[in-house]
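1. Quick one, structure for this:
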Amino acid sequence: MKKFLIPMLLGALMPVMSVRADDSPVAKEMEVIDDAYKALRRTDDAAEGAKLARAAQAGVLKAITMTPEFIEAGGHAAGKEAGTVEYKKQMAQLFIIFCDVEAAFLAKDFDKVQELVGALKDSKKKGHEEFMEDE
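-> Numbering: from 1, shown residues only. Just a heads-up that it's a prediction; the model follows:
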């Protein structure tokens, strides 16, 4: 019985014991932002779109106070301090875009929303290239 119980317990605890970069506070906020981004791309409801933009803004405000693990580990080409400044600048720009998205939804200017979704996509790509380790 012990032969089966111990491996089973270890197997159950393994996911709890392993901490991945995906579990970091920054990654969790990025997931909130990304979920809102994906949902607002698909909505044509102005009130829902504005709500999603505000949710993304909240995630950005939380994430901007954090430092990605890639920068903490010294992975940014400019170093930790300069990399942190660049990260904050990009997050501030992202916040502004989400504010513009909210305004466009409130004005029911769906053409502008689509234009801004393109800017969000570009921002996401740029951020991932600069602040994430290649896997």
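2. where along the protein do the helices fall?
-> If you assign secondary structure with DSSP state H, the helices in the chain sit at 2-17, 25-42, 46-63, 69-72, 80-106, 110-131.
3. would a markdown table of these with mean pLDDT and mean neighbour count be doable?
-> Heads up, the C-betas are built off the backbone N, CA and C, glycines and all. Output for the helices of the chain, formatted as a markdown table (pLDDT from 0 to 100; neighbours: other C-beta atoms under 10 Å):
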| stretch | mean pLDDT | mean neighbour count |
| --- | --- | --- |
| helix 2-17 | 43 | 9 |
| helix 25-42 | 91 | 17 |
| helix 46-63 | 96 | 19 |
| helix 69-72 | 83 | 18 |
| helix 80-106 | 93 | 18 |
| helix 110-131 | 87 | 15 |
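4. Point me to the residue sitting closest to the centre of the chain.
-> Nearest residue to the geometric centre of the chain (C-alpha atoms, centre = their mean): Met30, 1.7 Å.
5. can you pull the contacts of the residue lying closest to it once chain neighbours are set aside?
-> When the adjacent residues along the chain are set aside, Met30 lies closest to Ala63, with 6.3 Å between them (C-beta to C-beta, 6 or more residues apart in numbering). Applying C-beta atoms under 8 Å, 6 or more residues apart in numbering to Ala63 gives the contacts Val26, Glu29, Met30, Ile33, Met91.
6. swap in Phe98?
-> Listed by C-beta under 8 Å, 6+ apart, the contact set of Phe98 reads Ala53, Ala56, Gln57, Val60, Leu120.
7. can we see that at 6 Å?
-> Contact partners of Phe98, counting by C-beta atoms under 6 Å, 6 or more residues apart in numbering, are Ala53, Ala56, Gln57.
8. Would you mind giving those residues as a markdown table with distance to Glu115 added?
-> Rendered in a markdown table, the data for the contacts of Phe98 read as follows (distance: C-beta to C-beta, whole Å):
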| residue | distance to Glu115 |
| --- | --- |
| Ala53 | 14 |
| Ala56 | 17 |
| Gln57 | 18 |
